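1. make a model of this:
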Amino acid sequence: MAGSRALFMACLGKEAGASRDLSARPHYPSMPRYPRGVPAVGDGGAMEGAQMARSTALFSVAGMTCSACAGSVEKAVKRLPGIQEASVDVLNNRAQVLFYPSFVNVDTIREAIEDAGFEAAVIEAESNKKTIQVCRMRIKGMTCASCSTTVESALQGVHGVQKALVALATEEAEVRYDPKLVGANQLLEKVEDTGFEAILLSTGEERNKIQLKVEGIRTDRSLRMVESSLKALPGIEEIHIDPILHKVSVSCKSDQTGPRNFIEVIESTGSGHYKASIFPEEGERLPCRQEEIKQYYKSFLWSLVFTIPVFLTSMVFMYIPGIKHGLDTKVVNMLSIGELLRWILSTPVQFIIGRKFYSGAYKALRRGSANMDVLIALGTNAAYFYSVYSVIRAATSHDFKATDFFETSSMLISFILLGKYLEVLAKGKTSEAIAKLMDLAPDTAILLTYDQEGNVIDEREIDSRLIQRNDVIKIVPGGKVASDGFVIWGQSHVNESMITGEARPVAKRKGDTVIGGTVNENGVLHVQTTHVGSESALSQIVRLVESAQMAKAPVQKFADRMSKYFVPLVITLSFCTWLSWFLAGKFNSYPKSWLPSSMDSFQLALQFGISVMVIACPCALGLATPTAVMVGTGVGASQGVLIKGGQALESAHKVNCIVFDKTGTLTVGKPVVVRTRLLKNMVLRDFYELVAAAEVGTFYFGSLILVAASTGSETHRDVNSEHPLAKAIVEYAKKFREEEENHVWPEARDFMSITGHGVKATVGNKEILAGNRSLMLDSSIPISVETDEILKETEESAQTGILVSINGEVAAVIAIADPLKPSAQDVISILSSMKIRSIMVTGDNWGTANAIAKEVGIKTVIAEAKPEQKAEKIKELQMRGDVVAMVGDGINDSPALVAADVGMAIGAGTDIAIEAADIVLMKSHLEDVITAIDLSRKTFSRIRLNYIWALGYNIIGIPIAAGVLFPSTRFRLPPWIAGAAMAASSVSVVCCSLLLRYYRRPKELETLQVREIMVQ
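-> Sure, this is the predicted structure:
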């Protein structure tokens, strides 16, 4: 499996160096690895410059049939100048070439392949793939969709930025950029130029970065000594030192060194005077969110201290005779004590507690946009400064009676602060899924030390962040596995439900892999670590969920477009409302009886204008989609369904047609021999001796390509192949040799694999062919009527028939069955009830495909399809107007997964399938297809509800605030109530999204019993 995964990742262009060598031996040492003038590895810094000029090209090569063909292609390419490495994958008819464009180009390489007698076409040519980096940053101060759009546009406009995503709900940005053209610090400065505070969370995605805090360093010379000592370690790629924070950031290769080495080197450099430790994590989501909640809570409490007395003096005490008399006592001319008190108490609320609204409004206006802060600042300022004008005029006049709105400005700010506090509190809960995932990792681990004889001589508890690759850690009963690895001693059961969703504990013994964050049930395990830090499965899942929550759903574009015009429109409506009521009062268009006591037409108009300005809520529109997507993806992760962003979530709810692969998707993916029909007189044991020997050749061939080329290790005839039918035959043949511990199969000579047909080999003095009907016909081997009937009967029983010929005569038919997954039939039935059509596309023969389809209830079948034909079928369905989902698990499904509107990969499938998919079904349960679609439908019904509420609230609330009901009912909305309604609207949208946390799978799925199939 490791070898095949190396092949798959290499085909994607994600690895370079030794793992690029994918083709079968022989290699050609006489050919130079590097062109003349380019230094080889080992020439130091010169090579680094050379690597920057490399390019990678992927070619499709038609006409290759065996390893000799692959060798010919490799040889032809490597003869060219400027070729660093050429890798040929004969199984998938592809060649990948790493070259120096200064010496050779893509067309020249293609022509060289064609000159060797093969057809070649360029699939992909990309220069220096690893130059693109991804940085994540936290952005403080965003209040609505207008803010996030402004930041996103500013980042997108930076030269060197490939793509920028800004998420309002998480207050984070993810930027893909070319480090040659722009740096992370420049991106931070760009964000700050738009008026927001930016904090860098992470940068780069290729290297393992470790941050250390060093105490005891007082001089620059000491810092340089520490830096020099660290650089001397193997595997160090980059060191950055922050002298102010005493922070050392080290980028390294985790397979060569790690944090304990760094700490040891630093402390030994200072002769015991320096102390190093893992730098405390900062800037992460939870601490920042808690700090924001604390700030809003504190601001709200302080506002209450001043607002409650203002409210009491204006609304309550005026109806208590004794207190009213005291408050009405004049201080200067017509200025009363009550008015003076309200002025004094509301001023700190307006300018000190509410300064963040001024700051936000100023920054928004400076960058030429308007946000919610602008509305709040305008509304509260209008109320406050009119009140100031009113009381000053009263203080300077003998007959002017003041009417102030100080309670309006202070209560507005208080209610808005309460709303923001509740909003950030609710928004914090939308990302609980990530917090729960991160909490799975234990804080400490028990590190074991061995002597030369393999005996444990010491065990000590260390910070789990100090674990390095190849460490051996001890997992006690009830303890959490601290890192990914494999068991080297002990046996136990491990609960992996928190990662894979598998409810039952999984048995673990020597050689089995374990996942970091899972829980050991009973026995003690010694585990050797393989993936640590950011490389672990848990870290990758966290990053996947974070990226999913960052990615915008297409429906979010609606809110983004509206945000550009929303605030200017509201300001215009507010001014028109004030002007209309003011002019109506000026020209006596309504009776004087409409005016409330102690209020003139100007003040009434002002109240209506302020109410319109503060009731409008752009926040609700901006939060409608991202909060629902965040909760939806988080709920999906907890259910074992990893959804890669809003695009996948939105597409999934529209799906009306699902294309299923057969092997490993509808079936278990573990074929077994169920019947053998011999057509010649021979002993079954001897027959399988010959067939197994030929099939072991398949393992040998597969190992040459999938293992030896990618690891450089010597290949053995192993049964751990990824050829399921060959493996099934060999496993069955072993049953006849159970009494022999290490049975050696006869040697197969002249082995040849015919892609899509079978294998051919000579065992002893007998020529063996094993494969399908086409292989026999192409080899001019006659198939008798009896054999044809047996084959047809086998295929009608949903089994694959393998024909075996010995010396040109068909000797037997081997029936191989791949059992259906227990829930397959029910899943297809439920999908049908959801108005979703199911189609099966497989590379298997028509007979087997039709039998399987009939058993599960699928009516449309496409058999004997190659990978590219699967993708073509999906495009045909899309041309008809269908929204298509593809469910698969293998490398041959990846083109179809990419072509589909929604690609769903089985979690137990290959890395390349998971990489190509939009949704990953971690538990590998087929019923999770229904969960994914149902969750997406529920999420988007919630988004629609959010939009209906946000738009409906504004459409209904603004006219009411403008006074449309006042002429008929005398009902008017005071500004402070309008402000409270505005705050409540955004809180209600977030709370509506949070209801998704209580999502339950469809009831039909609860009745399905997931049974493990035991194949004897």
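
2. residue closest to the middle of this protein?
-> Nearest to the mean C-alpha position of the chain, counting by C-alpha atoms, centre = their mean, stands residue 544 at 2.3 Å.

3. residue 920 versus that residue, what's the distance?
-> Distance, residue 544 to residue 920, by C-beta to C-beta, to the nearest Å: 8 Å. Yep, even glycine has a C-beta here, placed from its N, CA and C like the rest.

4. do the same with residue 213
-> For residue 213, the distance to residue 920 - C-beta to C-beta - is 36 Å.

5. against which helices or strands is the host helix or strand of residue 56 packed?
-> Using DSSP states H and E, residue 56 sits within strand 55-62. Here strand 55-62 touches strand 94-99, helix 106-115, strand 119-127, going by 3 or more C-beta pairs under 8 Å, 6 or more residues apart in numbering; DSSP states H and E.

6. mind checking which of these is nearest residue 969?
-> Nearest to residue 969 among these is strand 119-127 (67.6 Å), distances taken as C-beta to C-beta.

7. quick one: distance of whichever helix or strand comes after the closest one to the chain centre.
-> Downstream of strand 119-127, the first helix or strand assigned by DSSP H and E is strand 133-140. In terms of C-alpha atoms, centre = their mean, to the nearest Å, the centre of strand 133-140 is found 15 Å from the chain centre.

8. try stretch 181-193
-> Worked out by C-alpha atoms, centre = their mean, stretch 181-193 lies 24 Å from the chain centre.

9. give the rounded mean pLDDT of that stretch.
-> Stretch 181-193 shows a mean pLDDT of 86.

10. stretch 330-340 now?
-> What stretch 330-340 shows for mean pLDDT is 89.

11. tell me the most buried of the helices and strands packed on strand 55-62?
-> Highest mean neighbour count of the helices and strands packed on strand 55-62: strand 94-99, a mean of 23 (counted as mean count of other C-beta atoms under 10 Å).

12. on contacts alone, who are the packing partners of that strand?
-> Judged by 3+ C-beta pairs under 8 Å, 6+ apart, strand 94-99 is in contact with helix 2-11, strand 55-62, helix 67-78, strand 83-89, helix 106-115.

13. need phi/psi at the residue nearest to residue 852 when sequence neighbours are not counted.
-> For residue 852, ignoring the flanking residues on the chain, the nearest one in space by C-beta to C-beta, 6 or more residues apart in numbering is residue 798 at 4.9 Å. Residue 798 adopts backbone torsions of phi 60, psi 40, taken as degrees, to the nearest 10.

14. tell me if I'm right that residue 798 and residue 815 touch.
-> No - assessed by C-beta atoms under 8 Å, residue 798 is found out of contact with residue 815, at 10.2 Å.

15. where along the stretch 101-250 of the chain do the helices fall?
-> Secondary structure of the stretch 101-250 of the chain (DSSP state H, counting those that start in this stretch): helices located at 106-115, 145-156, 184-193, 220-231.

16. cool, the stretch 901-1016 of the chain as well?
-> Under DSSP H, counting those that start in this stretch, the stretch 901-1016 of the chain gives helices at 911-916, 928-962, 966-969, 975-994, 1003-1006.

17. now mean pLDDT and mean neighbour count too, for those, in a markdown table please.
-> Below are those laid out as a markdown table (pLDDT from 0 to 100; neighbours: other C-beta atoms under 10 Å):
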| stretch | mean pLDDT | mean neighbour count |
| --- | --- | --- |
| helix 911-916 | 62 | 21 |
| helix 928-962 | 91 | 20 |
| helix 966-969 | 90 | 11 |
| helix 975-994 | 84 | 24 |
| helix 1003-1006 | 76 | 13 |
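
18. returning to what we had before: and the helices and strands packed on strand 55-62 as JSON lines, adding mean pLDDT?
-> Below are the helices and strands packed on strand 55-62 laid out as JSON lines (pLDDT from 0 to 100):
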{"stretch": "strand 94-99", "mean pLDDT": "84"}
{"stretch": "helix 106-115", "mean pLDDT": "86"}
{"stretch": "strand 119-127", "mean pLDDT": "69"}
